[in-house]
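Chemist: Quick one, structure for this:
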Amino acid sequence: MAFPDDPPWNNPVDVIERKLSVQRELFLVGIVSSRLVGPVLAGFDGVRGWIHKLAVHPEYLRRGVASRLMEAAEIGLASKGCQKVNLQVRASDAGVVDFYKEAGYSIEDRVSMG
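Modeler: The predicted model follows:
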């Protein structure tokens, strides 16, 4: 499972079904040699773009897959008029922060509530 700490409301099948009903063109997948190696879900609410659920199969880490998925998501968001993209990283997944910093993102002083 790509996101083992996800809460029950983020059941992968349900998440995919919901995403396919809204801005399905922003549900992108990485394919290598006919193998699904990673998804990214993006969305735009007219004010901010969001990146959700970026993952890469462990065998394909550090091969540029995540970077290409991010680039494709950013292009898709920009095509909708999005000028700012936000994303959240779980505190327990702090190792991912460096990837996003290298991609040009920075930590903003915010309180996330849900």
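Chemist: Touching, residue 37 and residue 56? I think so.
Modeler: Yes. Counting by C-beta atoms under 8 Å, residue 37 does reach residue 56; the two are 6.2 Å apart. In short, each C-beta sits where N, CA and C put it, glycine included.
Chemist: Report the set of residues contacting both of these two.
Modeler: Jointly contacting residue 37 and residue 56 under the rule C-beta atoms under 8 Å, 6 or more residues apart in numbering are 30, 65.
Chemist: Pull up the gap between the residue of the chain positioned farthest from its centre and residue 99, please.
Modeler: The centre of the chain is farthest from one residue, residue 33, which by C-alpha atoms, centre = their mean lies 21.7 Å away. Distance of residue 33 to residue 99, computed by C-beta to C-beta, to the nearest Å: 23 Å.
Chemist: likewise residue 46?
Modeler: 27 Å.
Chemist: and those two? which has more neighbours close in?
Modeler: residue 99 (17 against 8; other C-beta atoms under 10 Å).
Chemist: got the contact list for the more buried one?
Modeler: residue 66 are the contacts of residue 99 under C-beta under 8 Å, 6+ apart.
Chemist: do residue 14 as well
Modeler: Contacts of residue 14 by C-beta under 8 Å, 6+ apart: none found.
Chemist: Tell me which helix or strand it sits in.
Modeler: helix 12-21 (DSSP states H and E).
Chemist: In this protein, where is pLDDT below threshold?
Modeler: Residues of the chain meeting the criterion pLDDT under 70: 1-5.
Chemist: do that again at 90, thanks
Modeler: Under the criterion pLDDT under 90, the flagged ranges of the chain are 1-16, 53, 88-95, 98, 109-114.
Chemist: max-length helix in it?
Modeler: helix 65-78 (DSSP state H).
Chemist: Show residues contacting the helix or strand just after that helix.
Modeler: Later in the chain than helix 65-78, the nearest helix or strand by DSSP H and E is strand 85-87. Defining contact as C-beta under 8 Å, 6+ apart, one finds that strand 85-87 is touched by 48-52, 54, 74, 77, 100, 105.
Chemist: ok, of those residues, which one's closest to residue 9?
Modeler: Distance to residue 9 across these (C-beta to C-beta) is lowest for residue 52, with 13.2 Å.
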